[in-house]
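Chemist: the sequence and its predicted three-dimensional model are supplied below.
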Amino acid sequence: MQSFRSEIENPIVEKDIIELANKIELFHNGKIDEEKFRSLRLARGVYGQRQEGVQMIRIKLPYGKVMSNQLRRISEVSDEYSRGRLHITTRQDIQIHYVDLNRTPELWAELEKDDVTLREACGNTVRNVTASETAGIDPKEPFDVSPYADALYKFFLRNPICQEMGRKFKVSFSSSDEDTGLSYMHDLGFIAKVNNGVRGFKVMIGGGLGSQPREADVLYDFVETDKIIPIMEGVLRIFDRHGERKSRAKARMKFLIKDIGLEAFKALVDTEQLAIELKSVPIDADAYKASVPVEVSEIPEVDIKDQEAFETWKATNLVPQKQDGYVAIGIKVLLGDFYTDKARLLADLVENYAAGEIRLSLRQNILIPFVKEALVPFFYTELKKLGFTEAGYNKAVDITACPGTDTCNLGIASSTGIAAELERTIKAEYPQYLNNNDLVIKISGCMNACGQHNMANIGFQGMSVRTPDKLVAPALQVLLGGGNLGDGKGVFADKVVKVPSKRGPEALRRILNDYETNAKGKPFVDYYREHGERYFYELLQDLQDVSNLTEADFIDWGNEEKYVKEIGVGECAGVVIDLVATLFLESEEKIENAKESAGNGVYSGAIYHAYSSMVNTAKALLTSENKKTNTHAGIIKQFDELFIESKKISLDGSFAEVVYQINKFAPSQEFASKYIESAEDFLSKVRAYREAELGAVQKQAV
């Protein structure tokens, strides 16, 4: 612990890392329950892997922007603590795998030297804030959304209102009406708009993928930029209070919106505004530190031997840029995996000849902005040395896939193996799709949709299938017809058939052959809608037959051994099994956090810590009685019914009246002080009741 204590300049970050180190030690000594410890480490980007004894580390990179010094730092960390491989996710993060849990605090400390964090990259928190990778250079954008995504990310990082929600919360920013940030499938999505010369956003809410995908609703058609942070704070506070906590299958924002209705939810958010300290948070876009291209006085001469390959690459991998004289270069990264030796050379290249940054894309690729048009041949030759000139950036041949059974606990079938095979099939048999950006293919290893399969034109989901003689083989659910329609609208794919995994390429061939013959130039979404689900079921249904499987069908793509269905405990939701004593200790910690925030003049944060303490304390007593603790609102209501109305515990009024002061008063020093006192008094009374009950039980036992 001491080795990194003196190297961290930010005392808040230092405290965070020391806390992680302390909790790891307590966990090893049996002082913290395993499930409780899981919640803490997930909120610090430390995620259990399929392989026992090692962790996946998720590095949070807001809106996918990575400076060259940060890329070098991440590479050093990967070499020192992992295996030198970097994995780009569909949320613009970078993951490294096979990390020893005990080394995670020092790993985190190393990253922070270049302002890179793990904080809230996993767990029931606000996850990485994503954005269009072309933000700031997009010719179609009304303005650059980067400053707004950056401000929102910083405001909610470590914010007490979103540290222990019932489920994760995902936010996106789209540069234009093309909605390349995919707002329609996010908990909260912002689409850049200009209304009468004023910058603002269309706000989408309640979208999501998973086993029950839902298209987002329009929360507001237009809000000015200074309102996005107060709106999100209100949304998070309501989600935290009313969102499901017991059943993670029903715990996302989309289910809360569905259950109570959009208008009722908006009314709750409006009522909550009184308790929000900042009604307006102006974001100074001009003060945002945007990357600036370097001055290149001399254009290096290069000799390109394969001119045809160069022209193909230019046709598929150059992205127009609104700044005159510049283009962006797309790097197609197979399955999002690349290695640190190439990452370092790439960092040097963009630092010396572009703007010193790369962007990670939602399709697991890399974009280099601010390349002088005259430097394109030079970049091609340099990228070719790194193996980074494969044609087809963001085209049909560019397939997205999650890690699947490679490392994820929830993986059912190999997503990376089938993705590689499908890409090979398209390149070999359908070369015309090399330059097709209308066809989107995505693959997930399970129903959680980390590979976003159910929003693709053609999607595959990892499953298993059982033969008549009860043998189990890897399989793929084939989904068709999903797509992004723009301006916050989208359509989700239909589940059409389930086929053994080894028949995935044949399913793709049949779909593409039919598309070639019958689409007549229509986009895939329109072609699918015109023909309908039944048509494609008939086209593929014979591939479902599992009565005639061969030996090869029982070996998944990319594997040599016979398939065994193994699903571990998923950590996507940070599931927690609460113990009463642990909850009381947590309530104490929350009160201490409240006092610290109040001492620093952060009264809104102090009040929320105190609120969390009271709900946590009530939850402890309900847990001891084996009562449901699904939502904060439910906990408050039940506690009144079981303990206050029965006069088992005496308060000045009901528990609801005490705790719901949080949205009745503005966050002042006076109210914060009284509210913290209420939390302390409540914890004292509940603990006394609990100790008396335990004493009575012990007497009876004697």
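Modeler: Looks like it arrived, so ask away.
Chemist: can you list the domains in the chain?
Modeler: Listed domain ranges for the chain are 2-112, 137-287, 307-385, 400-554, 580-701 (source: automatic domain parsing).
Chemist: any chance of TSV for those domains, columns mean neighbour count?
Modeler: For every residue, glycine as well, the C-beta is placed using N, CA and C. Shown next, in TSV, are those (neighbours: other C-beta atoms under 10 Å):
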stretch	mean neighbour count
domain 2-112	19
domain 137-287	20
domain 307-385	19
domain 400-554	20
domain 580-701	18
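Chemist: can I get these in CSV with distance to Glu561 and mean pLDDT?
Modeler: Formatted as CSV, those follow (distance: least, C-beta to C-beta, whole Å; pLDDT from 0 to 100):
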stretch, distance to Glu561, mean pLDDT
domain 2-112, 15, 89
domain 137-287, 28, 95
domain 307-385, 21, 96
domain 400-554, 10, 90
domain 580-701, 41, 90
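Chemist: adding distance to Val296, write those domains out as JSON lines.
Modeler: Below are the domains of the chain laid out as JSON lines (distance: least, C-beta to C-beta, whole Å):
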{"stretch": "domain 2-112", "distance to Val296": "15"}
{"stretch": "domain 137-287", "distance to Val296": "18"}
{"stretch": "domain 307-385", "distance to Val296": "6"}
{"stretch": "domain 400-554", "distance to Val296": "29"}
{"stretch": "domain 580-701", "distance to Val296": "46"}
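Chemist: between those domains, which gets nearest to Tyr563?
Modeler: domain 400-554 (4.8 Å; C-beta to C-beta).
Chemist: now do stretch 283-303: distance to the chain's middle.
Modeler: 29 Å (C-alpha atoms, centre = their mean, to the nearest Å).
Chemist: same deal with stretch 64-84?
Modeler: Per C-alpha atoms, centre = their mean, the centroid offset for stretch 64-84 relative to its chain is 20 Å.
Chemist: the longest helix belonging to the chain: how far from the chain's middle?
Modeler: Across the chain, the longest stretch assigned as helix under DSSP state H is helix 669-701. On the basis of C-alpha atoms, centre = their mean, helix 669-701 sits 37 Å off its chain's mean C-alpha point.
Chemist: what packs against it?
Modeler: Using 3 or more C-beta pairs under 8 Å, 6 or more residues apart in numbering; DSSP states H and E, the elements in contact with helix 669-701 are helix 580-599, helix 603-624, helix 655-659.
Chemist: could you rerun that using 7 Å?
Modeler: Using 3 or more C-beta pairs under 7 Å, 6 or more residues apart in numbering; DSSP states H and E, the elements in contact with helix 669-701 are helix 580-599, helix 603-624.
Chemist: now these in TSV, with distance to Asn630?
Modeler: Shown next, in TSV, are the helices and strands packed on helix 669-701 (distance: least, C-beta to C-beta, whole Å):
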stretch	distance to Asn630
helix 580-599	16
helix 603-624	10
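Chemist: go through the ones you listed and name the closest to Val440.
Modeler: Of all the helices and strands packed on helix 669-701, helix 603-624 comes closest under C-beta to C-beta, at 40.3 Å.
Chemist: between the helix or strand following that closest one and helix 669-701, how many degrees?
Modeler: Remark: after helix 603-624, the chain's next helix or strand is helix 632-639, criterion DSSP states H and E. On the basis of axes from the mean of the first three to the mean of the last three C-alpha atoms, to 10 degrees, helix 632-639 is oriented at 50 degrees to helix 669-701.
Chemist: show me what helix 632-639 is packed against.
Modeler: helix 228-242, helix 603-624, helix 655-659.
Chemist: how big is the angle separating it from helix 603-624?
Modeler: Computed with the same axes, to 10 degrees, the direction of helix 632-639 lies at 50 degrees from that of helix 603-624.
Chemist: ok and helix 632-639 relative to helix 228-242, angle-wise?
Modeler: Counting by the same axes, to 10 degrees, helix 632-639 lies at 40 degrees to helix 228-242.
Chemist: residues making contact with helix 632-639?
Modeler: Helix 632-639 is contacted from outside by 240-242, 615, 618-619, 622, 627-629, 655-656, 659, using C-beta atoms under 7 Å, 6 or more residues apart in numbering.
Chemist: figure out which of the domains of the chain is closest to Asn128.
Modeler: In terms of C-beta to C-beta, the element of these nearest to Asn128 is domain 2-112, at 5.0 Å.
Chemist: and Glu438, how far is that from Phe554?
Modeler: I think there's a mix-up here, since residue 438 is Asp and not Glu. Distance of Asp438 to Phe554, computed by C-beta to C-beta, to the nearest Å: 36 Å.
Chemist: likewise for Gly488?
Modeler: To Phe554, Gly488 is 44 Å away according to C-beta to C-beta.
Chemist: over to Glu244?
Modeler: Distance from Glu244 to Phe554, by C-beta to C-beta: 39 Å.
Chemist: need the helices and strands packed on helix 632-639 in JSON lines with distance to Asn454, can you?
Modeler: Listed next are the helices and strands packed on helix 632-639 as JSON lines, based on distance: least, C-beta to C-beta, whole Å:
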{"stretch": "helix 228-242", "distance to Asn454": "23"}
{"stretch": "helix 603-624", "distance to Asn454": "34"}
{"stretch": "helix 655-659", "distance to Asn454": "39"}
